[in-house]
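# My questions concern the predicted model and sequence given below.
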There are 2 protein chains.
Amino acid sequence: MNGTFTTISVVETMEKLALSYNKLMEKAKAIPILESTESIIHWDMETKMPPKGIKLRSEQLAMLSRIEHKTITDSEIGALIERIENHKDYDTLDQIQKRNLYLMRKRYNEETKLPEELVVETARQQAITVDTWKKAKASKDFPMFKPELEKLINLKKKAADILMKVKHTATLYDALIDIYEPKMTAEAITRIFNELKKGLVSVIEKCQAAKKQPDASILQRNVPINIQRRISNSLARFIEYDVESEKAGGRIDETEHPFTTGYYDDVRITTHYYEKKFASSLFSVLHEGGHAIYDQILNPKWIYQPVGESCSLGFHESQSRFVENIVGRSREFWVYYLPKLKELTGNIFSDVDVDTIVFAVNQVKPSKIRIEADEVTYSLHVIIRFEIERDLMADKIEIAELPEVWNQKYEDYLGVDIQNDSEGVMQDTHWASGYYGYFPTYALGNIYSGQILAQIRKDIPNWKKQITKGNFHNIKQWLTKNVYRHANLYDPADLIEKIAGEHINARHFLEYLNEKYSRLYGF
Amino acid sequence: MNGTFTTISVVETMEKLALSYNKLMEKAKAIPILESTESIIHWDMETKMPPKGIKLRSEQLAMLSRIEHKTITDSEIGALIERIENHKDYDTLDQIQKRNLYLMRKRYNEETKLPEELVVETARQQAITVDTWKKAKASKDFPMFKPELEKLINLKKKAADILMKVKHTATLYDALIDIYEPKMTAEAITRIFNELKKGLVSVIEKCQAAKKQPDASILQRNVPINIQRRISNSLARFIEYDVESEKAGGRIDETEHPFTTGYYDDVRITTHYYEKKFASSLFSVLHEGGHAIYDQILNPKWIYQPVGESCSLGFHESQSRFVENIVGRSREFWVYYLPKLKELTGNIFSDVDVDTIVFAVNQVKPSKIRIEADEVTYSLHVIIRFEIERDLMADKIEIAELPEVWNQKYEDYLGVDIQNDSEGVMQDTHWASGYYGYFPTYALGNIYSGQILAQIRKDIPNWKKQITKGNFHNIKQWLTKNVYRHANLYDPADLIEKIAGEHINARHFLEYLNEKYSRLYGF
């Protein structure tokens, strides 16, 4: 602060507010730079690191988290926030500045309240629990997993208890949900998911009862990996995710579990290739590509500011699901893409017509594994996890009961019979990794995507025709204007209202499913 | 420090020394972890980063340097060092502990004395100078390069002036040399290089006068890139640089300019592939591989400690040159490797015999470009750069005179006629990147490698026979014991004496060249 100010008082204090704000933003800038550094280090670990490097890598990652924590909890940040909040000219800040301040305040409060020992201990326990989970999953041994899971859950509850007080949420679980989907609550999700569940079960029953059934065997035809790589590139071109040119801001690599990571001008996706499951990679690329173009575009004017981040995990998932399912599994997409696919694959699919492949990639079939589930049953897998998490955090379920509860719900909701805990309660890494409150965002994403679709139908009446011509550009423009560009200016509840003119609700998503699957299955 | 100590005084102070020392080492550990993080971020930039990511990447790298600088200049480090140095039980520290303390003191003093503004301004100017260098080189326009080079040199002189006082060196240039080759001086290098130059010129003259001349055209035969990649892997296996197994600690990627980076369990090399220059990659892999196995092995007991780093750039280069030239261009290596090469390349080299290829890869031919120079003329390129740097830093040459001085020296030492500054004074990135005092380490490496060879000859009399059988293992064991394992326990002058029982001198390297080339060229 410049003590020699001699101009009139109003200008002086205005200046001081601007100075404090700019200073805060300068400090805020370090956070995404550090996080994006960590994301490269993490990406490298998953894709390129020589296996022996794992120990050194864990030291590097621990160091980066420590630096991040220190950067965010810097007491000067706290002082700057307070100075701005209490400044008499606070109201002169615009909406974006106020949002930045709000987001910094939220993050600062939460991070400073969590004791460093708890953060470090949780990170340590997570590593152990994941390691045990891998072994237990391999040997189908839940009792081996249980004690380490329990330790982690207790640490998570401790953190949730602290966060609950900072965030003033009604329950522990709400404090965790808020990390991924700000201001969302278990109560609201329960209401929304009940509506969703009813609708999904009805669609599934009709599909199963239908006479007409797809022939999914064409998806098992052998497609060499090098051809699948060319398929990936062609899909990236379709969604204008540049991984090839001299101005490319993306790339596609290979990992067992596909993911997206990065920040604005460097956003990378991964996929996995199986010769006899080419569609697995195809939809992974569309899914991760949907995440990637969201992250790449957002709002570059706000780069390095809190408001320049994405809105929530639910919204992120709405973008990936929109590209993967609403576009990628539509008849219109396959009108465009099947000839491309035939061109790329020689004579592998020369006998296949559009109707056959569209029906095949939309087969509805209750199954045991979430990540292999179809568009309709998928959300049921998520609802099961949500209900269990909610009840676990409220001490209504004990950890020892998890397998039993899991298996019962799979029988009730999906009618499948879980044979062992590896295909059951231990199938996902999330709980071992300490992600509680994360799962529901997968289904919230589906719901948002239905509401977004309803708007696109109004704004671009011929959008389907455009897709048949391989034109995704106008839809992407629409998404840019109506979703991406708002970045983190609004909480998800406000953003969906801004986009759809209504609260979050499953109606549109269910309508979309009913319409699509009644046509496919003829019910 | 624990204020409740109640044990007897000697134990108490002993404890305190150990506590301070351990605390210092805990702080020291952050440095290689940060540096190795930066090395991954840098490697990614060179090998994998989407081009658009460059701006974000420069922010990440700047952030990491700032954090590194802060970490090293932490006043608590200064206080701990002082407490240990002045401790009455200081003498109870062992050699390794004392060396760690010495290295921390050196680094701390140097980094704290450099004002942060100078460090930041230099980093900024370096980026600009490199950028201008690229453009100026492309358009052969030294006057375009000159003003930005001048600004950088002035900043470097400022830094050298500060470092000179901290290090008590005789000249500015010595303070810069010391960064790369601790305690080495321009005076000593001048003496050594004069001896070297004389010897090299004599070998070159004899080679040029010889009737027998190699047929290097076989090195231009077309070798497809995918085969060259297999050649790289086979060479990595030969030097036991694991890039393939589930325990691999290395990998080979592709960049325009080959380099090595990493730390212990994650050390990566790069190479470049040209279809009509397969030997370029072959020797790059051996060269970088020589660097890599040194970095991988060092002394794992000392990982994360200053003493666990490598000794100097000169020693690093001795290891790469040893593998590339003394082993890789030896007749014995080709007795082993030519059949392998034939196996890998189908019928491309079926008509080539060992003598032909050995002579081809050892062609002595004065040229204009350092990185394409042969084993004998290479050091002359380095000597030219050293002499110019030395005189530049002593204000005996002006920047405007650089092209003229350069061209004259190339005519005098190598008998080549430089046509323009892009193939002349602007060929290397070093000066644009702010590396002054770095070049001489390339030739020092050659000299050390000659002295190391002389010792190996004594200790493993049949080492050449082992190479003909593809056995590099025993030599690697010898290098591990006599070079790698000492890591940074000694300054280079002491290490070469420990290894060779004598001061640095060019005699052995010249003897090796004379012996080898007289046999090849028949003089």
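Received the coordinates, thanks. Numbering: from 1, shown residues only, chains lettered A, B, ... in the order given.

# Next one: A:His168 from chain B, what distance?
34 Å (C-beta to the nearest C-beta, to the nearest Å). No exception for glycine: its C-beta is placed from N, CA and C like everyone else's.

# Got the phi and psi for that residue?
A:His168 adopts backbone torsions of phi 60, psi 50, taken as degrees, to the nearest 10.

# Run a quick neighbour tally on it.
8 (other C-beta atoms under 10 Å in any protein chain shown).

# Over to A:Ser75?
A:Ser75: 9 neighbours (other C-beta under 10 Å).

# pLDDT weak spots in chain A?
Along chain A, the model assigns pLDDT under 70 to residues A:1-15.

# Spell out the residue ranges of the strands in it.
Secondary structure of chain A by DSSP state E: the strands cover A:250-254, A:260-263, A:266-271.

# which neighbours does the shortest one have in its sheet, and in what orientation?
Strands flanking strand A:260-263 in the sheet, each with its direction: strand A:266-271 (antiparallel) (DSSP bridges).

# Distance from the chain centre to the partner strand, please.
On the basis of C-alpha atoms, centre = their mean, to the nearest Å, strand A:266-271 sits 14 Å off its chain's mean C-alpha point.

# ditto for stretch A:137-155
25 Å.

# Can I get that stretch in PDB, CA atoms only?
Presented in PDB, the C-alpha positions along stretch A:137-155 are these (Å, rounded to 0.1, in the frame of the first residue of the first chain):
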ATOM      1  CA  LYS A 137     -10.100 -56.900  -5.100                       C
ATOM      2  CA  ALA A 138      -7.700 -59.200  -6.700                       C
ATOM      3  CA  SER A 139      -8.400 -61.900  -4.100                       C
ATOM      4  CA  LYS A 140     -12.100 -61.100  -3.700                       C
ATOM      5  CA  ASP A 141     -11.500 -60.600   0.000                       C
ATOM      6  CA  PHE A 142     -13.600 -57.800   1.600                       C
ATOM      7  CA  PRO A 143     -12.500 -58.600   5.100                       C
ATOM      8  CA  MET A 144      -9.000 -57.800   4.000                       C
ATOM      9  CA  PHE A 145     -10.200 -54.400   2.800                       C
ATOM     10  CA  LYS A 146     -12.400 -53.600   5.700                       C
ATOM     11  CA  PRO A 147     -10.000 -52.400   8.400                       C
ATOM     12  CA  GLU A 148      -8.200 -50.000   6.100                       C
ATOM     13  CA  LEU A 149     -11.500 -48.800   4.600                       C
ATOM     14  CA  GLU A 150     -12.700 -48.100   8.100                       C
ATOM     15  CA  LYS A 151      -9.700 -46.100   9.100                       C
ATOM     16  CA  LEU A 152     -10.200 -43.900   6.000                       C
ATOM     17  CA  ILE A 153     -13.900 -43.400   6.600                       C
ATOM     18  CA  ASN A 154     -13.200 -42.300  10.100                       C
ATOM     19  CA  LEU A 155     -10.700 -39.800   8.900                       C
END
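
# Can you pull the domain assignment for chain A?
Split into domains by automatic domain parsing, chain A comes to A:9-180, A:199-521.

# Out of the ones you listed, which gets nearest to B:Met164?
domain A:9-180 (33.1 Å; C-beta to C-beta).

# circling back: point out the most buried one among the domains of chain A.
domain A:199-521 (a mean of 19; mean count of other C-beta atoms under 10 Å in any protein chain shown).

# returning to that earlier point: now distance to A:Lys368 too, for the strands of chain A, in CSV please.
CSV is the format used below for these (distance: least, C-beta to C-beta, whole Å):
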stretch, distance to A:Lys368
strand A:250-254, 25
strand A:260-263, 26
strand A:266-271, 23
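
# Can you tell me which of these is nearest to B:Val267?
strand A:250-254 (21.0 Å).

# in its sheet, what does that closest one sit against?
strand A:266-271 (parallel).

# Phi, psi for the residue of the stretch 351-500 of chain A found nearest chain B please.
Of all residues in the stretch 351-500 of chain A, the one sitting closest to chain B is A:Ala487 (16.3 Å; C-beta to the nearest C-beta). In terms of degrees, to the nearest 10, the main-chain angles of A:Ala487 are phi 40, psi -120.
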